[in-house]
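Chemist: model this:
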Amino acid sequence: MRKEMYIMFRAIRGIGLLAITVVFLAGCGGSDSNDVNNNGMTLTGTTMVTIAFGDLSGNGSQFIEYDELGFRVSSGIGSWEVMESYGNPAPAIIFMREADEPDFQGEVEITSNGSFFSFNSVDLYSSITPIPYTIKGFRDSELVFTLSDSVPNTFGKYIKVENPEAADAIDTLTIRISNPATPCCSNPVGLDNIVVSH
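Modeler: Presented below is the predicted three-dimensional model:
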């Protein structure tokens, strides 16, 4: 009888230690601002930042890449340049189309040192045309979302384009905007204030 009670005590004690271990490990998982939820597609506990191009200089100089707040913006398609004299607020980045040229596109890519982030919004600009745009978010080279539309003529002002899927976790963002043909005159289009969360 005493031996059976001893065995039962040892079994109960083992179960208790196992339960304590499981609780301890569950509590040590931790969380940070780059946690991804169970479906693997959205971020939790994020911090919002704005890539505002505030340190750019050299009006009219070629734009290749720019680092701000842990994010890198790299030029892709198009001949991007610094616009130091105008922005929302200045400076910003633009690309030009001359009057005799057909419509063409410019694209930039945004990354964050290999970590996940989400895209909230961007301010788009054109002097005299509407602004067709396509914005894509990728995670591990797989497409997560696409935003494609056209902003009406802003008459030289900036307009915010917001992402309805702003919690989606991505590691690469591309922003492509079009510069539609206008036989009368040349036209700049550009962007400023890329708002992201990480």
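Chemist: Going along the chain, name the strands of this protein.
Modeler: With strands called from DSSP state E, the chain shows them at 35-36, 43-44, 48-51, 65-68, 71-75, 81-83, 92-97, 104-111, 118-126, 131-139, 142-151, 158-162, 172-179, 187-197.
Chemist: and Asn59, which of these is closest to it?
Modeler: The minimum distance between Asn59 and the strands of the chain falls on strand 81-83, with 6.1 Å, by CB to CB. (Glycine included, C-beta is placed from N, CA and C.)
Chemist: Report all helices and strands that the closest one contacts.
Modeler: strand 92-97 (3 or more CB pairs under 8 Å, 6 or more residues apart in numbering; DSSP states H and E).
Chemist: Output the strand it packs on as PDB, nothing but the C-alphas.
Modeler: Output of strand 92-97 as PDB, limited to C-alpha atoms (Å, rounded to 0.1, in the frame of the first residue of the first chain):
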ATOM      1  CA  ALA A  92      10.500  64.800 -52.600                       C
ATOM      2  CA  ILE A  93      11.500  62.600 -55.500                       C
ATOM      3  CA  ILE A  94      10.100  62.900 -59.100                       C
ATOM      4  CA  PHE A  95      10.700  61.900 -62.700                       C
ATOM      5  CA  MET A  96      10.100  64.000 -65.700                       C
ATOM      6  CA  ARG A  97       8.400  63.400 -69.100                       C
END
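Chemist: If we go by neighbour counts, what in it is buried?
Modeler: For strand 92-97, a neighbour-count test (16 or more other CB atoms under 10 Å) marks Ala92, Ile93, Ile94, Phe95, Met96, Arg97 as buried.
Chemist: Verify the stated contact: the last one with Phe104.
Modeler: If I follow you right, that is Arg97. Yes: with contact defined as CB atoms under 8 Å, Arg97 counts as touching Phe104 (6.3 Å).
Chemist: Next, show the common contact partners of these two.
Modeler: Common neighbours of Arg97 and Phe104, counting by CB atoms under 8 Å, 6 or more residues apart in numbering, are Asn179.
Chemist: returning to what we had before: can I get the strands of the chain in TSV including distance to Asn59?
Modeler: Supplementary listing: the strands of the chain in TSV, determined by distance: least, CB to CB, whole Å:
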stretch	distance to Asn59
strand 35-36	41
strand 43-44	36
strand 48-51	19
strand 65-68	15
strand 71-75	17
strand 81-83	6
strand 92-97	11
strand 104-111	18
strand 118-126	15
strand 131-139	22
strand 142-151	25
strand 158-162	18
strand 172-179	19
strand 187-197	12
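Chemist: Any idea which of the ones you listed gets closest to Gly58?
Modeler: Of those, nearest to Gly58 by CB to CB is strand 81-83, at 5.4 Å.
Chemist: what is the mean pLDDT for that closest one?
Modeler: For strand 81-83, the mean pLDDT works out to 97.
Chemist: Which positions within it qualify as buried?
Modeler: Buried residues in strand 81-83 (16+ other CB under 10 Å): Glu81, Val82, Met83.
Chemist: before we move on, what about stretch 152-168?
Modeler: Quick answer for stretch 152-168 (16+ other CB under 10 Å): Thr154, Tyr158, Val161, Asn163, Ala166, Asp168.
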